[in-house]
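> Fold the following and give me the result.
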Amino acid sequence: MDNKQLTVLTIDQLEEHVADGQTVAGLDLGTKTIGIAISDRGFSFANPRTVLRRSKFTHDAQDLLKALKTDNVGAIVIGLPINMDGSEGPRVQATRAFVRNMEKLTDLPFIYWDERLSTVAAERVLIGMDVSRQKRAERIDSAAAAFILQGALDRLQSLRQETDADGNSFE
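From the prediction side, this is the model:
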């Protein structure tokens, strides 16, 4: 067994694991697709990217890692589909298994993020923008990934402000 560092972090550990100039990815892991969003370098805004169609894990992983490399990603926030009552079902287990398998292929750290209502919120925004049902189906996973990532980025900003109020540096 190699002595690789644990690659699952909490949001408050994110900045110490991402190099200057890198971005953060947000993932919405579906059974048929993987929605992707990428942050700006200042970790303020989540921008949806093209959805990846899923096939086999090895193919999915290669496509995902290639896309993340293109955007100079330093960490990944992945939506954890916790049930509304807080319990964890089969989709949470599948997400954790995906991360365990990805850990064998990359040193990029993962952060689990509660994604309850992210797809609902994304769909409401797309409907509000008068996006057709067909186009919504194509964009919903990346829009949900953007909501997941934006939630994490907003929490990161909040942590920075808390730290600044205490007079301590977050860096």
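> Can you pull the poorly scored residue ranges out of this structure?
Counting by pLDDT under 70, the low-confidence segments of the chain come to 1-6, 116-123, 126, 131, 133, 135-139, 164-171.
> what ranges do the strands span in it?
In the chain, the segments counted as strands under DSSP state E are 8-9, 23-29, 33-39, 46-48, 52-53, 73-80, 110-114.
> partner strands of the second one, parallel or antiparallel?
The partner list of strand 23-29 in its sheet, established with DSSP bridges, is strand 33-39 (antiparallel), strand 73-80 (parallel).
> now it: how far from the chain's centre is it?
Here strand 23-29 shows a centroid-to-chain-centroid distance of 3 Å under the convention Cα atoms, centre = their mean, to the nearest Å.
> Repeat that for stretch 10-26.
11 Å.
> Touching, residue 81 and residue 91? I think so.
Yes. With contact defined as Cβ atoms under 8 Å, residue 81 and residue 91 form a contacting pair (4.3 Å). Where C-beta positions appear, they are placed from N, C-alpha and C, glycine not excepted.
> Show me what residue 111 is bridged to.
With beta bridges defined as DSSP bridges, residue 111 has these partners: residue 9, residue 77.
> Can I get the strands of the chain in TSV including mean neighbour count and distance to residue 97?
As requested, the strands of the chain are arranged in TSV below (neighbours: other Cβ atoms under 10 Å; distance: least, Cβ to Cβ, whole Å):
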stretch	mean neighbour count	distance to residue 97
strand 8-9	16	13
strand 23-29	27	10
strand 33-39	25	14
strand 46-48	22	25
strand 52-53	16	18
strand 73-80	24	12
strand 110-114	20	12
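> and residue 140, which of those strands is closest to it?
Counting by Cβ to Cβ, residue 140 lies closest to strand 33-39 out of these; the figure is 7.4 Å.
> which outside residues touch the closest one?
Residues from elsewhere that reach strand 33-39, judged by Cβ atoms under 8 Å, 6 or more residues apart in numbering: 23-29, 45-54, 60, 64, 67, 71, 73, 140-146, 148-150, 153.
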